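have a look at this prediction, sequence included:
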Number of protein chains: 2
Amino acid sequence: MLKNILIGQSGGPTAAINASLAGAVKQALNSPEIGEVYGAHNGIKGVLKRDFFDLRRSIKTEEDLQLLKETPAMALGSCRFKLPDYPSDYYQKILDIFREYNIGYFLYVGGNDSMDTVKKLSAYFSSIGEDIKAVGIPKTIDNDLCCTDHTPGFGSAAKYIATSIAEIAYDSAVYDVLSVTIVEIMGRNAGWLTASSALARLTSCDAPHMIYLPETVFDPDKFIEDLKGISQTARHIVVAASEGLKLANGTYVGESHQTGLKDAFGHKYLSGIGKYMEQLVLDKLHCKVRSVNLNVLQRSASHITSATDIDEAFNVGASAVKFALAGKTGVVAIIKRLSNSPYTVDYDYCEVGEIANFTKFVPQEWIAPNGYDVTPEMMEYLKPLILGEQERHIRHGLPEFFTLDLKTASK
Amino acid sequence: MLKNILIGQSGGPTAAINASLAGAVKQALNSPEIGEVYGAHNGIKGVLKRDFFDLRRSIKTEEDLQLLKETPAMALGSCRFKLPDYPSDYYQKILDIFREYNIGYFLYVGGNDSMDTVKKLSAYFSSIGEDIKAVGIPKTIDNDLCCTDHTPGFGSAAKYIATSIAEIAYDSAVYDVLSVTIVEIMGRNAGWLTASSALARLTSCDAPHMIYLPETVFDPDKFIEDLKGISQTARHIVVAASEGLKLANGTYVGESHQTGLKDAFGHKYLSGIGKYMEQLVLDKLHCKVRSVNLNVLQRSASHITSATDIDEAFNVGASAVKFALAGKTGVVAIIKRLSNSPYTVDYDYCEVGEIANFTKFVPQEWIAPNGYDVTPEMMEYLKPLILGEQERHIRHGLPEFFTLDLKTASK
């Protein structure tokens, strides 16, 4: 009897995560070794409730797959569920359900927290001699996963950020007065997304003038001094600031503007650096100042995804299925960059233990000595990732999206 | 000796205002009756400083014109300058400069405040028998100008808003928990932009679930009651809220969250309704809630403009030149909708006095009886305006923009 495959999505949305799902589904549908193709509704939480999509029946045509690639967020739904360390009742329960549905392959798309689930489940299955392969598919706009050259989802977010920064730069330059525009960018710990704002300079604008990554301690006094210096030559200053900037004492810069909410993993829910810096500039420079928070649009703007990113996300998903079929478990499919010019990549895997719970920071040598810019090496790294315009289906002047039937698969 | 034409831009940016400039410039370049084609740097403020672009030399090719159409904000720069009522020294000064540069035609692209400048100057020139034609070209994302069926710039902003709302809806739906997402939308007095969020329902999402226009008094208690009702059937609720919502006592809803800043026309600088409603929902419903402010991106996102809007903006600009050459002064070029299906328009003009300083509000009969939605008539009005994908020049995976040479024209 053929083994079935189960795919789940977890963590925060990106514009490319459904492309990975599409790649995995297509590869699974084309693999004669695989029986049913199930999708877990809301990740592990759906697994525990036997809440499954029957993807062989929900995704029927090439057109469906294409639309899925163009759809933001998670078609399967997501969760923020931290699987407790073994031993816990969850393991036996998941095993029972996997056996019930004859699951031989479990693919989980997510960030470093979700890879923790892959790590724990694969270790558990191996320890009891159960032949279920668990393979991770990386995704995060934050680009903060180790081993992989970059993460699916990052390139599209970077393209949105660079495009928006250029548009904001033009918008902010219309009046003949000194102005400062703070753009708040996601990335709790790692500054990759904020760094990608530098790509805006590949257009005919010189924004952003200052780039603040969370890898560098933020010094408000030095910021104001540097800003004053820049205002001697630039009239319309754009500042790209990571939501995760910290002061020398380790507290988040915008913390006083926070709600204090935390997510299920205990991470502080951040927002407020833009407003904080806006007030600081107003107090110290008394000039026109505005802050723009790119918010969830930077991770969900499927209308301006990078074709490079979407193609890679698709290929990473397909590769994960191949690795599982080849007998790998406890691994994560990754992207290896072979060359920058021409830009070429290969798909490989690494042990999930090398990725789960780790954060890949921006290396200090890619941060400019002045502390508020990135180096040419960073630019070379970023440039290929935003190339290419993803095909889009348009109806009524708006993007068409794919929605899964909510029919739970029968056993 | 041929008369010269001078074009200026004023007020807030849109993604279509340069298309109107392109249309006017192309028409002027092709008109043998016109000598030099000047652009005023930063509107009337540039006029007063003789700070002019020589557009015949700056915009040389069809490619330049095309790039200009794709460039957000104002290539000429803008100003917020309220021309005082006559008599004032400004009038004689402007007249002297216009004579010095042999200006026979003055075109001003702007909203209802800028049309006030056209009204005053045309009345002045006529009163002293000076043969200078002053013609207005409407622009504003707010769509709040009278006489014209809609304003250039509105359709592109509406397309951005509807697309973003759909993407936000997908993003907000990934977790299996009740959530409320407030999307704050521009439009100080008129709710057209906020209403355009309803277009998102033309995609496969049902967001927004509630739409609050400034034309309706906002009642926080009723909002919470209605939200509770909707939460009985919807799990991921998206609320579109105008930045200009007011309470029954006439104060802005988010006023306590305001900086109290005012612009040069005395308008209150608004921001904060999203954060206000976020806190309100958190206090009353204790559910997951987030607010997203579309901020300046809704007016500057040239990467997702409506081709219908850009084409019309171009044609309105060209029409204004034709009206000026036909001897009209103190008029504004406008769009007349001839039919909805197929959507066809014509270009006409109206007296500037019918537009300047007036606001076109959303008619009460286009607001749904429940107070938080729009009617099918509004949908029919909006639908054609976002159609068509504007051609875009892409380099390095990013939009290419046009930048004028900063060379001041010689007399």
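It's in.

how about the residues of the stretch 301-411 of chain A that lie near chain B?
For the stretch 301-411 of chain A, the contact set with chain B under Cβ under 8 Å from any Cβ of the partner chain comprises A:301-304, A:306, A:308, A:383, A:386-389, A:394-403. Yep, even glycine has a C-beta here, placed from its N, CA and C like the rest.

buried only: go through those residues for me.
By neighbour count, with 16 or more other Cβ atoms under 10 Å in any protein chain shown, these hold A:301-304, A:306, A:308, A:383, A:386-388, A:397-402 as buried.

which secondary structure state does residue A:377 sit in?
For residue A:377, the assignment made with DSSP: H, G, I helix; E, B strand; the rest coil gives helix.

go on, the one 4 residues further on?
What three-state DSSP gives for residue A:381 is helix.

pretty sure it contacts residue A:363?
No. The criterion here is Cβ atoms under 8 Å, and residue A:381 misses it with residue A:363 at 9.9 Å.

more neighbours: which of the two?
A side-by-side neighbour count of residue A:381 and residue A:363, using other Cβ atoms under 10 Å in any protein chain shown, places residue A:381 first with 21 against 12.

strands of the stretch 251-400 of chain A, residue ranges please.
With DSSP state E, counting those that start in this stretch, the ranges of strands along the stretch 251-400 of chain A come out as A:288-293, A:331-340, A:343-351, A:394-395, A:398-399.

quick one: distance of the fourth one to the chain centre.
In other words, strand A:394-395. Relative to its chain's centre, strand A:394-395 lies at 26 Å (Cα atoms, centre = their mean, to the nearest Å).

pull the contacting residues for residue A:374.
Counting by Cβ atoms under 8 Å, 6 or more residues apart in numbering or on different chains, residue A:374 makes contact with A:195, A:198, A:211, A:213, A:362, A:366, A:367, A:368.

wait, the third one sits on residue A:193?
No. Between residue A:211 and residue A:193 there is no contact under Cβ under 8 Å: 10.8 Å.

and residue A:326, how many neighbours?
Residues lying near residue A:326 (other Cβ under 10 Å) number 11.

that one and chain B, how far apart?
Plainly put, residue A:326 is 31 Å away from chain B if you go by Cβ to the nearest Cβ, to the nearest Å.

in a helix, residue A:118, correct?
Yes. Counting by three-state DSSP, residue A:118 is found in a helix.

hang on, it packs against residue A:356?
Yes. Shown here, residue A:118 and residue A:356 form a contact pair, counting by Cβ under 8 Å, at 7.1 Å.

looking at these two, which one has more neighbours?
For residue A:118 versus residue A:356, neighbours defined as other Cβ under 10 Å are more numerous around residue A:118 (29 against 23).

please name the nearest non-neighbouring residue to the more buried one.
Excluding the flanking residues, the one nearest residue A:118 by Cβ to Cβ, 6 or more residues apart in numbering or on different chains is residue A:136, at 4.1 Å.

care to break chain A down by domain?
Per automatic domain parsing, the structural domains of chain A span A:3-152+A:302-356+A:387-399, A:154-300.

where among these is the average confidence lowest?
Looking at the domains of chain A, the lowest mean pLDDT belongs to domain A:154-300 (a mean of 90).

need the distance between the two termini of it.
11 Å (Cα to Cα, to the nearest Å).

again, but for stretch A:284-296
Stretch A:284-296 has its terminal residues 30 Å apart, counting by Cα to Cα.

need the residues that contact whichever helix or strand residue A:26 is part of.
Taking DSSP states H and E as the definition, residue A:26 sits inside helix A:17-29. Defining contact as Cβ under 8 Å, 6+ apart, one finds that helix A:17-29 is touched by A:5, A:7, A:9, A:34, A:37, A:39, A:55-56, A:59, A:65-66, A:68-69, A:71-76, A:105, A:107, A:109, A:137, A:139, A:152-153, A:309-311, A:313-322, A:402.
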